[in-house]
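Trainee: Sequence and predicted structure, then a few things I'm wondering about:
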Amino acid sequence: MAAALSRIDPPSTPGLLALADGTLFRGRALAAEGRTCGEVVFNTAMTGYQEVVTDPSYHQQIVTLTAAHVGVVGVNPDDEEGRGPQVAGLVVRDAPRTFASWRGREDLGTYLRRAGVVAVADIDTRRLTHLLRERGAMAGCIAAGEAARDEAACVAAARAFPGLQGAALAEAVSLPEPAGWAAGSVRWLGGHVQKGRSDGTGLAGQALEDMSEGLAGHVVAFDFGVKRNILRLLVDRGLRVTVVPAATTAAQALALRPDGIFLSNGPGDPEPLQAQQAAIRELVAAGLPVFGICLGHQLLCLALGARTFKMKFGHHGANHPVRELATGRVLITSQNHGFAADPATLPPALRPTHVSLFDGSLQGVELAGRPVFSFQGHPEASPGPRELAGLFDRFAREVVAGRAARGV
Ligand SMILES: NC(=O)CC[C@H](N)C(=O)O
């Protein structure tokens with residue numbers, strides 16, 4: 001007689017997600033115990049959970065992943081997009097108890113627990129995602145351990161979360177002092193490239209061909225919560241990169257004698273970041289090449305007179321189709337934003353360059369006749385497709401051309 005198969009799971013610690021509208025989801029604790037609140041959003045990427053949980057743009061957001069199995073390849077030191085986990089919390093359907101990958105160093109739960117991040121597994125993430133699509137991104141609270149037993153307190157805590165509209169968060173996640181960044185893209189078998197170009201990203205521009213390391217020019221990158229892959233892709237193109245705090249003024253940035261300005265992604269609402277908008281206005285007026293991504297794109301639009309608004313549930317995923325207006329080409333893009341610039345409010349000189357094919361929202365702009373442009377999605381991918389990497393080539397070409405024009 002065949003022996004009955006049995007599966008013995010270790011006893012689990014209770015986990016809870018409470019939404020501000022009173023909806024409760026019960027599951028099990030995956031990482032730290034305690035309670036955390038934030039805006040609950042869903043991300044539909046099938047890969048890249050480590051990049052998602054370490055993306056500083058998710059500060060004060062609880063991310064639920066629609067991919068069903070999360071943690072299968074563990075986590076490793078090369079795939080962090082910020083300094084360790086940055087999400088307020090994580091919600092998943094199934095978290096396997098083991099991982100398998102030659103790159104994996106530890107399991108996701110241990111990694112999150114060490115950083116004090118509360119996460120819950122065994123949640124009906126399909127129901128949750130449907131609910132967020134219907135009602136919009138919502139304040140929520142996740143709890144693990146003892147805290148998960150007091151459901152009323154969790155709902156009350158969710159209701160007390162003020163939301164992200166009006167929240168200025170860039171300075172909370174920015175680095176404190178200017179710092180050089182020298183690492184290029186990851187080489188699969190050799191760790192990070194320490195300087196210059198990597199062999200993995202396929203540089204396109206002929207203008208870059210003769211450049212040696214760091215000679216393309218000096219970029220001052222505003223850290224509003226910058227993802228590391230952005231900095232790696234700048235270094236890959238021969239650019240010397242100095243990362244500066246979010247509160248840096250235009251005069252302080254110009255004192256570093258930049259050849260180009262990069263405006264990073266970041267958390268929260270772009271609208272209250274008035275000092276940053278003022279700095280950007282001055283830097284644009286100084287005539288330098290400027291490239292913005294996500295929050296950086298929104299800030300550029302605001303700085304030049306456009307307005308932004310809060311979207312219903314935003315764009316968070318790795319397969320969003322975007323049309324490049326100049327060519328009609330459709331590009332598959334990585335996205336992570338809950339605010340957007342309103343195309344109806346763009347000043348005439350700021351021209352739309354890209355549009356989302358999901359909802360027609362604005363995805364990119366350029367300033368007429370000037371080397372100033374930005375993209376709402378994530379051309380640096382991580383996670384996601386690399387079809388927009390050409391925007392980094394364009395920025396590097398503008399930096400080189402600007403130097404040549406100034407006779408540097
Ligand atoms: N990834 C980002 O830079 C996000 C920008 C902004 N916080 C938003 O949610 O729209």
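Mentor: Received, thanks.

Trainee: C-alpha only now, for contacts and for neighbours.
Mentor: Fine.

Trainee: which residues touch the residue of the stretch 151-300 of the chain found nearest the ligand?
Mentor: Relative to the ligand, the nearest point of the stretch 151-300 of the chain is Asn265 (3.2 Å; CA to the nearest ligand atom). Contacts were defined as CA atoms under 8 Å, 6 or more residues apart in numbering; by that measure Asn265 touches 57, 223-227, 292-297.

Trainee: What backbone torsions are found at it?
Mentor: According to degrees, to the nearest 10, the main-chain angles of Asn265 amount to phi -70, psi 170.

Trainee: Spatially nearest residue to it, not counting backbone neighbours?
Mentor: Leu295 (4.4 Å; CA to CA, 6 or more residues apart in numbering).

Trainee: Which of the three states applies to the residue in the stretch 1-150 of the chain positioned nearest to the ligand?
Mentor: Closest contact between the stretch 1-150 of the chain and the ligand, by CA to the nearest ligand atom, is at Ser57 (4.7 Å). Following DSSP: H, G, I helix; E, B strand; the rest coil, Ser57 is assigned to helix.

Trainee: So it sits against Pro267, correct?
Mentor: Yes. With contact defined as CA atoms under 8 Å, Ser57 reaches Pro267; the gap is 3.9 Å.

Trainee: Report the buried residues of the top helix by length along the chain.
Mentor: For the chain, the longest helix by residue count, based on DSSP state H, is helix 390-406. Neighbour counts over helix 390-406 (16 or more other CA atoms under 10 Å) mark 390-403 as buried.

Trainee: residues in the stretch 251-400 of the chain within reach of the ligand, list them.
Mentor: 265-269, 294-295, 336-340 (CA under 6 Å from any ligand atom).

Trainee: Where strands are concerned, which of these count?
Mentor: Counting by DSSP state E, the part of these found in strands is 336-340.

Trainee: Tell me the first helix or strand C-terminal of the helix or strand of the chain with the lowest mean pLDDT.
Mentor: Every helix and strand in the chain was compared by mean pLDDT, DSSP states H and E; the lowest is strand 191-192, with a mean of 64. Next helix or strand after strand 191-192 toward the C-terminus (DSSP states H and E): strand 217-223.

Trainee: mind saving the C-alpha coords of the following helix or strand past that next one as PDB?
Mentor: Beyond strand 217-223 on the C-terminal side, the first helix or strand identified by DSSP H and E is helix 228-236. Extracted in PDB, the C-alpha atoms of helix 228-236 (Å, rounded to 0.1, in the frame of the first residue of the first chain):
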ATOM      1  CA  ARG A 228      20.800  52.600  -9.400                       C
ATOM      2  CA  ASN A 229      20.400  51.200 -12.900                       C
ATOM      3  CA  ILE A 230      19.900  54.800 -14.100                       C
ATOM      4  CA  LEU A 231      23.400  55.700 -12.700                       C
ATOM      5  CA  ARG A 232      24.900  52.500 -14.200                       C
ATOM      6  CA  LEU A 233      23.500  53.300 -17.600                       C
ATOM      7  CA  LEU A 234      24.900  56.800 -17.500                       C
ATOM      8  CA  VAL A 235      28.400  55.400 -16.500                       C
ATOM      9  CA  ASP A 236      28.100  52.800 -19.300                       C
END
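
Trainee: For Gln61, which residues are in contact?
Mentor: 37-41, 87-89.
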